[in-house]
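**Q** Give me coordinates for this.
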Amino acid sequence: MVDFLTGREADYCEVLLAEFKEGEHLPALVAAVEQGGLTTANMPLLFELRYAKSLKDRGIVAEYERNTLNATSVDFAFTTDAGTPVLAELVSISVSNAVELATQHQIDDDGIEWSQLVLCTNNDDPRFSEEGEVLLVQQKICEKVFRNGQPVKFALPDNAGTLNVLVVDMRGFLGGNGGDNADCIQLTFGNAHVNEWARRFWDDPATGQRVPIRGLFEDTNRPRGAPTLRDRIHGILFTRDTGYAGGTLIGSSFLVHNPRLITSQADLDRLRAAMGI
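**A** Numbers count the residues shown, from 1 in each chain. Here you go, the predicted structure:
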């Protein structure tokens, strides 16, 4: 499972820290990373450091922790070479408590320790299922735009053409499997947009009926924060980077766009260019 700090990631982030310190680049981010250290608990900040490196490599001078809406802030604000303003908030998906409890650890006859994740669609406890994992990821994404009964971080789209985006580290999804592009499509657009074998359903507690999981960009998806996300977020960039080298974070990414806000090929090209795709 990829939910611990590997030596390769730690080594890469140590190099980035030295590079950023020497160039006096984003000192507040450097200070925050150094305070937490190169530890598993600090992986969300290390993800921010690696994303900042991807921006730096594009020649982008970003602002870290810009104050925005309702006394909240976004992780990065920047303007592309084409003059597109972008607000980007990062989301780290860690291995859930349910996955940890559902992971069996054993030692075989040769003394080799191994683990097996058991997530069952028909589990009596819905937390111990892939469906439960999908719903948890959707919840964590929505929490980035809606909190305590009000929108946070992102205002409604403005006349300046600002793009509001989320960058999601999926490495902890499904016990560190990270999922695939079909999972990202289902998370955002729902079952109708993926092959039959990739579709997931859950038991609606209100009706007791088996229903398809709705995507975040589907109007019928009504959990707290989902309507706010559809009104404000132009795109979500999912990444499962384990290469830990220049270009691998964006190279491992998959971009989905919000059809409510990205309505033409020109809009999509602008979004893709802004995200470095």
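**Q** what pLDDT, on average, does stretch 189-205 get?
**A** Stretch 189-205 carries an average pLDDT of 88.
**Q** hey, what's the residue nearest in space to the middle of the chain bridged with?
**A** In the chain, the residue lying closest to the centroid (C-alpha atoms, centre = their mean) is residue 168, at 1.3 Å. According to DSSP bridges, the residues that bridge with residue 168 are residue 91, residue 238.
**Q** Contacts only, for it.
**A** Residue 168 is in contact with 90, 91, 93, 137, 141, 236, 237, 238, 239, counting by C-beta atoms under 8 Å, 6 or more residues apart in numbering. All C-beta spots, glycine's among them, are computed from the backbone N, C-alpha and C.
**Q** count of neighbours near the last one?
**A** Read it as residue 239. Neighbour count for residue 239, taken as other C-beta atoms under 10 Å: 25.
**Q** residue ranges with poor pLDDT in the stretch 101-250 of the chain?
**A** Applying pLDDT under 70 to the stretch 101-250 of the chain picks out residues 101-128, 176.
**Q** Please enumerate the strands of it.
**A** Per DSSP state E, counting those that start in this stretch, the stretch 101-250 of the chain carries strands over the ranges 103-107, 113-117, 146-147, 150-151, 163-169, 201-203, 210-212, 235-239.
**Q** The residue nearest to the centre of the chain and residue 61, how far apart?
**A** 24 Å (C-beta to C-beta, to the nearest Å).
**Q** OK, contacts around residue 244?
**A** Residue 244 touches 6, 8, 9, 11, 12, 50, counting by C-beta under 8 Å, 6+ apart.
**Q** From those residues, list just the buried residues.
**A** The neighbour-count test (16 or more other C-beta atoms under 10 Å) marks 9, 12, 50 as buried among those.
**Q** Next step: these restricted to helices.
**A** 9, 12, 50 (DSSP state H).
**Q** in terms of contact, does the last one touch residue 10 like I think?
**A** No. Here residue 50 does not reach residue 10: they are 11.7 Å apart, not a contact under C-beta atoms under 8 Å.
**Q** Most neighbours among the contacts of residue 168, which one?
**A** Counting by other C-beta under 10 Å, top hit in the contacts of residue 168: residue 238 with 27 neighbours.
**Q** and residue 154, what is it in contact with?
**A** With contacts defined as C-beta under 8 Å, 6+ apart, residue 154 is in contact with 68, 69, 74, 87, 89, 145, 164, 232, 233.
**Q** Could you measure from it over to residue 271?
**A** Applying C-beta to C-beta to residue 154 and residue 271 gives a distance of 15 Å.
**Q** So residue 77 belongs to a strand, correct?
**A** Yes. Counting by DSSP: H, G, I helix; E, B strand; the rest coil, residue 77 is part of a strand.
**Q** Kindly state the beta-bridge partners for it.
**A** According to DSSP bridges, beta-bridge pairing links residue 77 with residue 63, residue 87.
**Q** Do you know the pLDDT at it?
**A** pLDDT recorded at residue 77 is 98.
**Q** For it, give its distance to residue 202.
**A** Going from residue 77 to residue 202 by C-beta to C-beta gives 36 Å.
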